[in-house]
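Chemist: Show me the folded form of this:
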Amino acid sequence: MSLLLDEICEQPRVLRDLRSRNGSILAAVAEEYRKRDLRGIYFAARGTSDHACVYAQYLFGITAGIPCALGTPSVVTKYGAEIDLRSHLVIGVSQSGKAEDVLSVLRMANAQGALTVAVTNYPDSPMAREAKYNLDCSAGEEVSIAATKTFTAQMFILAQLCAEMSQNKELKEQLENVWERAADLLKYAPAAMEAKVQRYRYLTNAFILGRGLEYPIALEGALKILETNRIKMKGAPESDFYHGPIAQVKDGDLAIVISGNGPTYDDDISMIEKLHGLGAEVFVITNDEELYKSEKFGILTPDTGLYTAPFMFAICVQLFAYGLTVVRGIDPNRSEVLNKITITK
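Modeler: Sure thing, here's the model as predicted:
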């Protein structure tokens, strides 16, 4: 079995073990946020870690009413600007904890007296040492080029922090059980997905779409597929896809649609109908049995609830990427272009 698939299959264990980790630190961050009467959250991250922050941005807004900004680290590192972050919780997210530009944001925030948190997989990393608080992903070493278990670990930690700050009972309950549902999914999904992607052996480009909480998984899915298979991919929110990108869809093109039960479901159905009308082949990743049965291509996930459905969808896009490497004869653990640790400045 490949390292990539090994690490995908480790996610239930990682999520299970994370439930009881970081508890006192999560509580301390939430308490300090309230005591200091802060006004929002500023995320600094790149790549996969940034996609985890997009998920958190939606979650904090929905359950806690907290406005969140996705940071632009180059404003600091390349343009030398000083961003006033004193009224914000500043969260730097990096698997390695070595991202220089994210580290620069944390340094600036600390100099201003802002509340700073690092989310890393290495508690002795530069980012972990710089931030006032470090939240440990505890995912173990991730060897494969494509990040998988560290992505869902980052999502989980940020969701835990959101649950602590919002005291949302439904979110807390869903996080408690998500690891078990991930284990259920992984009992059948690897073999099922590998069989389903056989038809895409010669795929050269595709689109992957989602809205709301599913949007960051569309972004992450596009990244996983293009970095492992060197396929041109576009990940986009359905709402923006209508504003120009849909013009690129041609007859026979593959469009992956991520659809969960919830407020954006009707938008998913409208997009699927539009894509069919354009002659696209639609592959659905969904927890809605009716939608799954109505579409020719797709995979059905356990329905874990609104807030944690993205974990199931994330595993599925990872498996889609892995399955493609199998049918295309690609080693997903090696790259002539990509490095496991990318340190942008």
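Chemist: For residue 285, which three-state class applies?
Modeler: strand (DSSP: H, G, I helix; E, B strand; the rest coil).
Chemist: for the one 5 residues further on, same thing?
Modeler: Here residue 290 is recorded as helix under three-state DSSP.
Chemist: repeat for residue 21
Modeler: Secondary structure of residue 21, per three-state DSSP, is coil.
Chemist: repeat for residue 91
Modeler: Assignment for residue 91 (three-state DSSP): strand.
Chemist: Leaving out chain neighbours, which residue sits closest to it?
Modeler: In space, and not counting its chain neighbours, residue 91 is closest to residue 117: 4.8 Å by Cβ to Cβ, 6 or more residues apart in numbering. C-beta coordinates here come from the backbone N, C-alpha and C atoms, glycine included.
Chemist: neighbouring strands for the strand or helix carrying that neighbour, and are they parallel or not?
Modeler: In the assignment (DSSP states H and E), residue 117 maps to strand 115-120. Looking at strand 115-120 with DSSP bridges, its partner strands are strand 88-94 (parallel), strand 133-136 (parallel).
Chemist: who does the helix or strand containing residue 157 touch, helix- and strand-wise?
Modeler: Counting by DSSP H and E, the element that carries residue 157 is helix 149-166. Where contact means 3 or more Cβ pairs under 8 Å, 6 or more residues apart in numbering; DSSP states H and E, helix 149-166 is packed against helix 11-18, helix 23-35, helix 47-64, strand 88-94, strand 115-120, helix 169-196, helix 309-328.
Chemist: Relative to residue 167, how far out is residue 15?
Modeler: Using Cβ to Cβ, to the nearest Å, one gets 21 Å for the distance from residue 15 to residue 167.
Chemist: likewise residue 16?
Modeler: 23 Å.
Chemist: And for residue 247, the neighbour number?
Modeler: Residues lying near residue 247 (other Cβ atoms under 10 Å) number 10.
Chemist: go on, residue 270?
Modeler: Neighbour tally, residue 270, other Cβ under 10 Å: 12.
Chemist: can I assume it sits in a strand?
Modeler: No. Assessed with three-state DSSP, residue 270 is helix; it does not lie in a strand.
Chemist: Please identify the most buried of the strands paired with strand 115-120.
Modeler: strand 88-94 (a mean of 29; mean count of other Cβ atoms under 10 Å).
Chemist: any idea how far residue 180 is from residue 312?
Modeler: 12 Å.
Chemist: Off-centre distance for stretch 20-39?
Modeler: The chain centroid and the centroid of stretch 20-39 are separated by 23 Å under Cα atoms, centre = their mean, to the nearest Å.
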